[in-house]
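Student: quick one, fold the following:
(2 chains)
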There are 2 protein chains.
Amino acid sequence: MKIAIVGFGLIGGSLAKAVKAYTSHTVYAVDKNKSVLDAALSCGAADAVITDMSRLSEADIVIVCLYPGDTVDFVCANAASFKKGGIVADTCGIKSEICGSLNRVAREHDFCFLGAHPMAGSEKSGFAASRADLFKGASFIITPGEASGRAVEVMSALAVKLGFGGVITASPEYHDRMIALTSQLPHVLACSYVLDPDAELHRGFSGGSFRDVSRVAEINDKLWSELFIKNSAPLTEKIDKLVDNLTVFKECIAQGDEEGLRRLLKEACKRKESIDK
Amino acid sequence: MKIAIVGFGLIGGSLAKAVKAYTSHTVYAVDKNKSVLDAALSCGAADAVITDMSRLSEADIVIVCLYPGDTVDFVCANAASFKKGGIVADTCGIKSEICGSLNRVAREHDFCFLGAHPMAGSEKSGFAASRADLFKGASFIITPGEASGRAVEVMSALAVKLGFGGVITASPEYHDRMIALTSQLPHVLACSYVLDPDAELHRGFSGGSFRDVSRVAEINDKLWSELFIKNSAPLTEKIDKLVDNLTVFKECIAQGDEEGLRRLLKEACKRKESIDK
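Tutor: Residues are numbered from 1 along each chain as shown, chains lettered A, B, ... in the order given. Next comes the predicted model:
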């Protein structure tokens, strides 16, 4: 297959490197930055570059690895250029906002749009941080929308070859609610946590739990502010729920209600066991 | 030296094993559970057991490794038995509540009380989970109170021999405020987080940030409820501060205030860098 990858940052670059490392498909590179294209070619992450977008029609699969708003803009602007019946996928961490509008565009222009979310990342960004094994064991989430079963199969098989540990499908809405909890909330939390003025004084008083809860505060503010705001309804609901739970703990602690507190901790411990199962 | 260790659980057992592994001191074991004493003797974690508490007078150092309330009870009940001028240390994760009363007892009975907090732990508890290298690289915090400089030196030198990465001294109040943030809050957080009903559905939607924020929810409810309640003022203050910060994030997200959100994320990122320095 011929696979065009649009945006050679951390995700796009890693996908390209994985395609070249683990499959025999051809990779076309698209990026607005010429030096990134040169780097991709010279390290073998791409076979050719596309600068004339009408040539996107040569690709069986186009994987757009841009920020959410840029992804929608790119697909809309180049809707007429995609191969008829070909697959176009995004890689955004939110899906409702993306899939709604792009399914419509795909229908009008006779290509197959498929929402995708490779569940991997790094504190580092950009092509320099990309690597072929970034997705090893990670989850590849597909929100098929109106995509055909064949398109889902093709993308799933590709994901497995690229090293993903598993492929799951979900509706955009379910994806966004789960991601609000499992990924976005931990990032909001880590940032809220390190803003406590005492956090900078931690040395000598901190161990594993401090390190773990603060780890992802090293954050790309442009990307994550867009992801948070474009998923604001599920995310603010999850923040509210967490604040409610924190408040229940606080009340028990403030009132010295040992019995109530032990009941809460036991319940949390049971949930954790069920999570790990 | 002759070192008596009271309570052969995770911490006491690990201290005993570390003393036997890394020093030539003698270890006396004290535990109410005879089978634990037998296990400690047979695996070489102790040289002898003490069941008659008047023999505590033979020990140059007594390290009490019990829960906070039990620690105070034990030291008070056996205050007359400790060697005159000898060192008695606790190992509790909170210090103000312990040190206030025990400094007074120490003065009355002419022994030297020293608050200590070995900053290490495990999800597992009990002697079976103990190991000589539990403290490798960890911080050993001393709240000297009225203890002599010599006692602090003796305990510091011992801690370094046992594998601790560093020894720091602090007032009980400063210790408790920092621990509320660096250790207790992450535990409250992890428990509050996993109580979201969607947490159990995480599989396929979760990665490193989910794993990290939920890790310490596997918690000993008896120990931690006591630690939380006996440190309620600093801990509830830290919960309040976190809730305030979460609420600021939430407002920005709900209002689609991208500029405000990016400013917060940038500030958090800067704090994280300063934390890691």
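Student: just give me the longest strand of chain A.
Tutor: Identified as the longest strand of chain A according to DSSP state E is strand A:112-118.
Student: output the contacting helices and strands for that strand.
Tutor: Contact partners of strand A:112-118 among helices and strands, from 3 or more Cβ pairs under 8 Å, 6 or more residues apart in numbering or on different chains; DSSP states H and E: strand A:87-90, helix A:96-109, strand A:139-143, helix A:149-161, helix A:172-179. Quick note: C-beta positions are derived from backbone N, CA and C, even for glycine.
Student: any idea how far the second one is from the chain center?
Tutor: For helix A:96-109, the gap between its own C-alpha mean and the chain's C-alpha mean amounts to 19 Å (Cα atoms, centre = their mean, to the nearest Å).
Student: what residues does it touch?
Tutor: A:68, A:71-72, A:75-76, A:79-80, A:82, A:88, A:90, A:92, A:112-113, A:115, A:143, A:145-146, A:172-173, A:175-176, A:230-231 (Cβ atoms under 8 Å, 6 or more residues apart in numbering or on different chains).
Student: likewise the third one?
Tutor: Contacts with strand A:139-143, where a contact means Cβ under 8 Å, 6+ apart, come from A:95, A:99, A:114-119, A:152, A:155-156, A:159, A:164-172, A:175, B:204-207.
Student: quick one: the strands in chain A, in order.
Tutor: Under DSSP E, chain A gives strands at A:2-6, A:26-30, A:48-49, A:61-64, A:87-90, A:112-118, A:139-143, A:166-169.
Student: in its sheet, what does the fourth one sit against?
Tutor: Sheet neighbours of strand A:61-64, with direction, are listed as strand A:2-6 (parallel), strand A:87-90 (parallel) (DSSP bridges).
Student: next one: the shortest one
Tutor: The pairing partners recorded for strand A:48-49 under DSSP bridges are strand A:26-30 (parallel).
Student: point out the most buried one among the helices and strands packed on strand A:112-118.
Tutor: Comparing the helices and strands packed on strand A:112-118 by mean neighbour count (mean count of other Cβ atoms under 10 Å in any protein chain shown), strand A:87-90 ranks first with a mean of 26.
Student: just to revisit the earlier point, narrow the contacts of strand A:139-143 to just the buried residues.
Tutor: The neighbour-count criterion (16 or more other Cβ atoms under 10 Å in any protein chain shown) marks A:95, A:99, A:114-119, A:152, A:155-156, A:159, A:164, A:167-170, A:172, A:175, B:204-207 among the contacts of strand A:139-143 as buried.
Student: rewinding a little: okay if I get the strands paired with strand A:61-64 as a markdown table plus distance to residue B:4 and mean pLDDT?
Tutor: Shown next, in a markdown table, are the strands paired with strand A:61-64 (distance: least, Cβ to Cβ, whole Å; pLDDT from 0 to 100):
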| stretch | distance to residue B:4 | mean pLDDT |
| --- | --- | --- |
| strand A:2-6 | 66 | 98 |
| strand A:87-90 | 65 | 98 |
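Student: that older thread, could you dump the strands of chain A to a markdown table with distance to residue B:14?
Tutor: Listed next are these as a markdown table, based on distance: least, Cβ to Cβ, whole Å:
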| stretch | distance to residue B:14 |
| --- | --- |
| strand A:2-6 | 51 |
| strand A:26-30 | 53 |
| strand A:48-49 | 58 |
| strand A:61-64 | 50 |
| strand A:87-90 | 50 |
| strand A:112-118 | 41 |
| strand A:139-143 | 37 |
| strand A:166-169 | 38 |
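Student: these: which one's closest to residue B:222?
Tutor: Taking Cβ to Cβ, strand A:139-143 is the member of the strands of chain A nearest to residue B:222, at 36.2 Å.
Student: relative to helix A:96-109, how tilted is that closest one?
Tutor: Calculated by axes from the mean of the first three to the mean of the last three Cα atoms, to 10 degrees, strand A:139-143 forms an angle of 60 degrees with helix A:96-109.
Student: parallel or antiparallel, which strands does strand A:139-143 pair with?
Tutor: Assessed with DSSP bridges, strand A:139-143 is paired to strand A:112-118 (antiparallel), strand A:166-169 (parallel).
Student: any idea how far the longest one is from the chain center?
Tutor: The gap between the average C-alpha position of strand A:112-118 and the chain average comes to 11 Å, counting by Cα atoms, centre = their mean.
Student: who's in contact with it?
Tutor: A:11, A:15, A:63, A:75, A:85-93, A:95, A:98-99, A:102-103, A:105-106, A:135, A:138, A:140-148, A:151-152, A:155, A:159, A:164, A:172, A:175, A:179.
Student: can we see that at 7 Å?
Tutor: A:11, A:85-93, A:95, A:98-99, A:102-103, A:106, A:135, A:138, A:140-145, A:147-148, A:151-152, A:155, A:172, A:175 (Cβ atoms under 7 Å, 6 or more residues apart in numbering or on different chains).
Student: now swap in stretch A:35-51 and tell me
Tutor: By Cβ under 7 Å, 6+ apart, stretch A:35-51 touches A:4, A:8, A:13, A:16-17, A:20, A:26-31, A:56, A:127.
Student: now it: mean pLDDT?
Tutor: For stretch A:35-51, mean pLDDT is 98.
Student: mind checking the end-to-end distance for it?
Tutor: 13 Å (Cα to Cα, to the nearest Å).
Student: in it, what counts as buried?
Tutor: A:36-37, A:39-40, A:45-47, A:49-50.
Student: and which of these is nearest to residue A:190?
Tutor: The closest of the buried residues of stretch A:35-51 to residue A:190 turns out to be residue A:36 (Cβ to Cβ; 29.1 Å).
Student: report pLDDT for the one residue sitting closest to the centre of chain A.
Tutor: A centroid search over chain A (Cα atoms, centre = their mean) returns residue A:93, at 3.5 Å, as the residue closest to the centre. On pLDDT, residue A:93 comes in at 96.
Student: how close does the residue nearest to it when sequence neighbours are not counted sit to chain B?
Tutor: Of all residues not flanking residue A:93 in the chain, residue A:227 sits nearest, at 5.1 Å (Cβ to Cβ, 6 or more residues apart in numbering or on different chains). Counting by Cβ to the nearest Cβ, to the nearest Å, the gap from residue A:227 to chain B is 10 Å.
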